[in-house]
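Trainee: Quick one: sequence plus predicted model below, questions after.
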Amino acid sequence: MKKWKLFLLCAFCNTGISSAQTSSNTGDSSLLIVINQQIDDYVVNKDTLELASLYAEDFIFSHGSGRVEGKQGWFSSVAKGGFLLRRHDSVKVELHPQLAILRGKLSVQKRGKEKTDNYYLYYIRVYAYRNKRWQMLSHITTSEYHLPAIPN
C-alpha cells in the first residue's frame, strides 16, 4: 500500500524525475515535500526496510541535543520505536542541480516508559538526486521546543 501511494504520487506529478536538475521545477518541490513526510511516516512505523533507499549511505543526523550519528545509528533508534507522530509543517524547498535544501518544522510525539514527550523542532534537511531518486543526505535540527510531557 505504501509503495502504491508513492507510485501514484510520482505518476501524478508527471514532471519526470530525470529532469530534476532545474530550480524552476515545482513538481520536484512537491515530490520532495511528500517524500520528506513519507520518511517520517516510515519512522513512526519502524519501517527501516522502506527507509533504506530514502537515506543516502553517507547520511548524517545532527540532533538538537548536539548528538551526531550516521544512518545505522539512526536506524537503530528507529527500530526501537516509540514515535507516535512525526508531522511536518511549513516546509520550504530550495532546489539546485541534483541537490535540494528543505527547511521546516516537525511536530513529534514519542512514548517513553513513563511518559509521552511532545515537542517540535525546526530543521534543515539536504537531499541529493542519486541513482535516479532523491535521498536524504543530512538532517540538522536548528532548534527544539518541548511541551509538557504526558504521563502514560
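Mentor: Sure thing, it's come through.

Trainee: Could you use CA atoms for every contact and neighbour count after this?
Mentor: OK.

Trainee: what packs against the helix or strand harbouring Val91?
Mentor: Assigned by DSSP states H and E, Val91 belongs to strand 83-96. Contact partners of strand 83-96 among helices and strands, from 3 or more CA pairs under 8 Å, 6 or more residues apart in numbering; DSSP states H and E: helix 26-44, strand 99-111.

Trainee: Let's have these in CSV, adding mean neighbour count.
Mentor: Below are the helices and strands packed on strand 83-96 laid out as CSV (neighbours: other CA atoms under 10 Å):
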stretch, mean neighbour count
helix 26-44, 19
strand 99-111, 19
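
Trainee: Let's have those in TSV, adding distance to Arg67.
Mentor: TSV is the format used below for these (distance: least, CA to CA, whole Å):
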stretch	distance to Arg67
helix 26-44	19
strand 99-111	18
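
Trainee: Got the confidence number for Gly27?
Mentor: With respect to pLDDT, Gly27 has a value of 81.

Trainee: any idea of the angle the helix or strand that Phe61 is a member of forms with helix 26-44?
Mentor: Assigned by DSSP H and E, Phe61 belongs to strand 55-62. Counting by axes from the mean of the first three to the mean of the last three CA atoms, to 10 degrees, strand 55-62 lies at 70 degrees to helix 26-44.
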